[in-house]
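S.K.: Below are the sequence and a predicted model for it; my questions follow.
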Amino acid sequence: MSQAADKSNLIEKSAKSIFNLPNIITMARILCVPFFVWSLFAIEPESNARWFSVLIFIVIMISDGVDGAIARKRGLITNLGKLLDPIADKALLGGALIALSIHNEFPWWVTIVILVRELGITVYRLVVVQREVVAASSGGKLKTILQSVLIGSLASPLEFAFAPWYLTVESVLTAVVLVITVSTGLQYLIAAGRARQQRIKE
């Protein structure tokens, strides 16, 4: 086989790896994040039109589960997908929390704590992934679910429709999310430390 043919096959294989269905869904999810964030600024918090923001958020979250399921079922897990997926997740979480904080719908200090934990753990994973494998903490999925419920709740006009008692619900949910987010981050760091010590011993 000629060198040109080898190069052509490599390009074709690379293109298939990049533009498979799960990666396309993930890319589309990333492109939808700015529209969701824009809607939080463009629509007044008390307006029923805020349900449009919630709808965009739900679609993005559903697509997150769909691309992962397809990738696992069809054996389409790629390095690009592993890179893009956390970027999409953190872009959605960070964009939502920052927008809500700017709108005075969510405390800035809670936003900062959550983002420091999420971005810090994500960067750490990318740095150590080639050296050691650390299993996700047992509360990771619960954390993601509760964070999603909180953001969906904050994005909706429910607190204005059912004030003041609904504000208490959101306050309790915020406290639970904060505790789980921080605790799972600490669990991960402890597990990573143990994995590093084990690798050194070996």
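M.R.: Done, it's in. Residues are numbered from 1 along each chain as shown.
S.K.: tell me the centre residue of the protein?
M.R.: By C-alpha atoms, centre = their mean, the chain has its centre lying nearest to Asp89, at 2.0 Å.
S.K.: And stretch 57-64, what's buried?
M.R.: Neighbour counts over stretch 57-64 (16 or more other C-beta atoms under 10 Å) mark 57, 60-61, 63-64 as buried. Glycine gets a C-beta too; all of them are placed from N, C-alpha and C.
S.K.: Where does pLDDT dip in this protein?
M.R.: Residue ranges of the chain with pLDDT under 70: 1-17, 128-138, 195, 199-202.
S.K.: packing partners for the strand or helix carrying the residue nearest to the centre of the chain?
M.R.: Per DSSP states H and E, Asp89 falls inside helix 79-102. Helix 79-102 sits against helix 21-42, helix 50-74, helix 108-128, helix 140-155, with contacts defined as 3 or more C-beta pairs under 8 Å, 6 or more residues apart in numbering; DSSP states H and E.
S.K.: out of those, which comes closest to Arg194?
M.R.: helix 108-128 (12.7 Å; C-beta to C-beta).
S.K.: Return that closest one as PDB; C-alpha atoms alone will do.
M.R.: Taking C-alpha atoms only, helix 108-128 is exported to PDB below (Å, rounded to 0.1, in the frame of the first residue of the first chain):
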ATOM      1  CA  TRP A 108     -21.900  34.000  44.600                       C
ATOM      2  CA  TRP A 109     -19.900  32.300  47.400                       C
ATOM      3  CA  VAL A 110     -21.800  29.000  46.700                       C
ATOM      4  CA  THR A 111     -21.100  29.300  43.000                       C
ATOM      5  CA  ILE A 112     -17.400  29.800  43.700                       C
ATOM      6  CA  VAL A 113     -17.200  26.900  46.000                       C
ATOM      7  CA  ILE A 114     -19.000  24.500  43.600                       C
ATOM      8  CA  LEU A 115     -16.900  25.700  40.600                       C
ATOM      9  CA  VAL A 116     -13.600  25.400  42.400                       C
ATOM     10  CA  ARG A 117     -14.500  21.900  43.300                       C
ATOM     11  CA  GLU A 118     -15.700  20.900  39.900                       C
ATOM     12  CA  LEU A 119     -13.000  22.500  37.800                       C
ATOM     13  CA  GLY A 120     -10.300  21.500  40.200                       C
ATOM     14  CA  ILE A 121     -11.300  17.800  40.200                       C
ATOM     15  CA  THR A 122     -11.700  17.900  36.300                       C
ATOM     16  CA  VAL A 123      -8.200  19.400  35.800                       C
ATOM     17  CA  TYR A 124      -6.700  16.900  38.300                       C
ATOM     18  CA  ARG A 125      -8.300  14.000  36.400                       C
ATOM     19  CA  LEU A 126      -6.900  15.200  33.100                       C
ATOM     20  CA  VAL A 127      -3.400  15.500  34.700                       C
ATOM     21  CA  VAL A 128      -3.200  12.100  36.400                       C
END
